[in-house]
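Undergrad: Okay, predicted coordinates and the sequence, questions at the end:
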Amino acid sequence: MSFGYGPGNEAQKSTRGNKALLGKRKSLQELRKENGSFSEGKLEFKKLSQQELIEFKIKVRKQKKKENILLVLTLIGCLLLGTLFYYLLTK
């Protein structure tokens, strides 16, 4: 084992260098301010009426129902393919 001598010395130097750089890193908020993609103001969202909210909920439920149906059909297809391969390989 080479602790500080030979090829291990370079690894120790790079580890020390990396640890020194960790303290100098900028936070994500500071980087966003530098890039100009940070806003100080409070975000405001559109106020939905009761009817719009109900329509949105119905739309989300329909979309989720479609996704669930596709998931079930995919699982059934995989099971059928698996049983077909099993039947063909064991015969």
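TA: Received it, and whenever you're ready, just let me know what you need.
Undergrad: C-alpha from now on. contacts and neighbour counts both.
TA: Noted.
Undergrad: Report the central residue of this protein.
TA: Leu28 (17.5 Å; Cα atoms, centre = their mean).
Undergrad: In the chain, what residue spans correspond to helices?
TA: 7-22, 28-35, 50-90 (DSSP state H).
Undergrad: So what would you say the end-to-end distance of stretch 32-42 is?
TA: 16 Å (Cα to Cα, to the nearest Å).
Undergrad: An error on my part: the question was meant for stretch 36-49.
TA: 34 Å.
Undergrad: all numbers from here: first residue = 37
TA: Okay, residue one is now 37; in that scheme the one you just asked about reads as stretch 72-85.
Undergrad: Now do it: distance to the chain's middle.
TA: 23 Å (Cα atoms, centre = their mean, to the nearest Å).
Undergrad: Equivalent analysis for stretch 87-98, please.
TA: With Cα atoms, centre = their mean, you get 26 Å for stretch 87-98.
Undergrad: so where's this structure shaky on pLDDT?
TA: 37-60, 74-75, 79 (pLDDT under 70).
Undergrad: domain parsing for it?
TA: 37-74, 82-127 (automatic domain parsing).
Undergrad: tally of neighbours for Thr119?
TA: The burial count assigned to Thr119 is 12, neighbours taken as other Cα atoms under 10 Å.
Undergrad: Switch the helices of the chain over to TSV; also include distance to Glu80.
TA: Below are the helices of the chain laid out as TSV (distance: least, Cα to Cα, whole Å):
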stretch	distance to Glu80
helix 43-58	36
helix 64-71	20
helix 86-126	17
